[in-house]
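Enquirer: next input, structure requested:
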Amino acid sequence: MALHAVSPAAAASPPCALSSARLPQRPGCGCLSNRSSLLSSSTNFMKFQYGAVGFFGVPLVLQHSDKRAVLRHATNEEIEEEKMIVEEQAKEKMEKAIETVQSNFNTVRTGRANPSMLDRIEVEYYGTPVNLKTIAQINTPDATSLLIQPYDKSCLKLIEKAIVAANIGVTPSNDGEVIRVTVPPLTSDRRK
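Expert: Numbering: from 1, shown residues only. Predicted coordinates:
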């Protein structure tokens, strides 16, 4: 339903598709300055012009002054539009959750070297934390080692320091040009 405030002249002859409702005076309630009307919807959906309100089987109390109101049911198009908006928002949230789970699975150690093991490493580069992938290229020359080639050779020490500080169970070795990271084989202690 939608609530529209109308002038008394316009409310005298409402359109045939809309029903006009005059909010009654409550006798014996002299202590209340505002009148209230309890509205509920059998279709479990209600939309108000003053502010979109959707509710599901919960009664809604509206405070009114001496205004007339025209109540109308939400059209099928409005309901379908609302459903589409809710579905799109749910789909976006679910896709973000799936992406997060996939990125978490990529960082799980399996005994093989994987460049995504270093995805969460932040390097302090010129005073700002930067993801390692943005300042260096990460390759896997073999199954047990990673090769990190920074685009700027001056940040080799910073990258090495960030890898050690991340405490991911690998030891970097800096040879002045690249950083080699050897991934130790998984033992029963490391699997736990």
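Enquirer: going forward, measure contacts between C-alpha atoms and count neighbours the same way
Expert: Fine.
Enquirer: span of stretch 162-174 from start to end?
Expert: End-to-end span of stretch 162-174 (C-alpha to C-alpha, to the nearest Å): 13 Å.
Enquirer: hmm, I typed the wrong one, I wanted stretch 119-137.
Expert: Stretch 119-137 has an end-to-end distance of 12 Å (C-alpha to C-alpha).
Enquirer: for stretch 129-145, same thing?
Expert: Criterion C-alpha to C-alpha; first-to-last residue distance in stretch 129-145 is 25 Å.
Enquirer: now swap in stretch 125-138 and tell me
Expert: Start and end residues of stretch 125-138 are separated by 17 Å (C-alpha to C-alpha).
Enquirer: over to stretch 114-134?
Expert: Termini of stretch 114-134 sit 17 Å apart (C-alpha to C-alpha).
Enquirer: buried stuff in that stretch?
Expert: 114-118, 121-124, 131-133 (16 or more other C-alpha atoms under 10 Å).
Enquirer: out of the residues you listed, what pair is the most spread apart?
Expert: N114 and E124 (22.5 Å; C-alpha to C-alpha).
Enquirer: in the chain, where's the longest helix?
Expert: Secondary structure of the chain per DSSP state H: the longest helix is helix 76-106.
Enquirer: mind checking the pLDDT average for that one?
Expert: Mean per-residue pLDDT for helix 76-106: 91.
Enquirer: list the buried residues for stretch 157-165?
Expert: 159-160, 162-163.
Enquirer: right, I mislabeled it, should have said stretch 167-181
Expert: Across stretch 167-181, burial judged by 16+ other C-alpha under 10 Å covers 172, 178-181.
Enquirer: got the residue ranges for the helices in this protein?
Expert: 8-12, 76-106, 132-135, 156-166, 188-191.
Enquirer: which strands and helices sit next to the fourth one?
Expert: Packing partners of helix 156-166 (3 or more C-alpha pairs under 8 Å, 6 or more residues apart in numbering; DSSP states H and E): strand 122-125, strand 171-174.
Enquirer: I'd say K153 and E177 touch.
Expert: Yes: K153 lies in contact with E177 (C-alpha atoms under 8 Å); the separation is 6.8 Å.
Enquirer: low-confidence bits of the protein, can you list those?
Expert: Filtered on pLDDT under 70, the chain yields the residue ranges 1-70, 106-111, 186-192.
Enquirer: would you map out the domains in it?
Expert: Following automatic domain parsing, the chain resolves into domains at 2-74, 75-106, 115-191.
Enquirer: want to try TSV for the buried residues of stretch 114-134, with distance to D142 as columns?
Expert: Formatted as TSV, these follow (distance: C-alpha to C-alpha, whole Å):
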residue	distance to D142
N114	10
P115	12
S116	15
M117	15
L118	16
I121	21
E122	24
V123	25
E124	28
N131	23
L132	20
K133	19
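Enquirer: all set, thanks.
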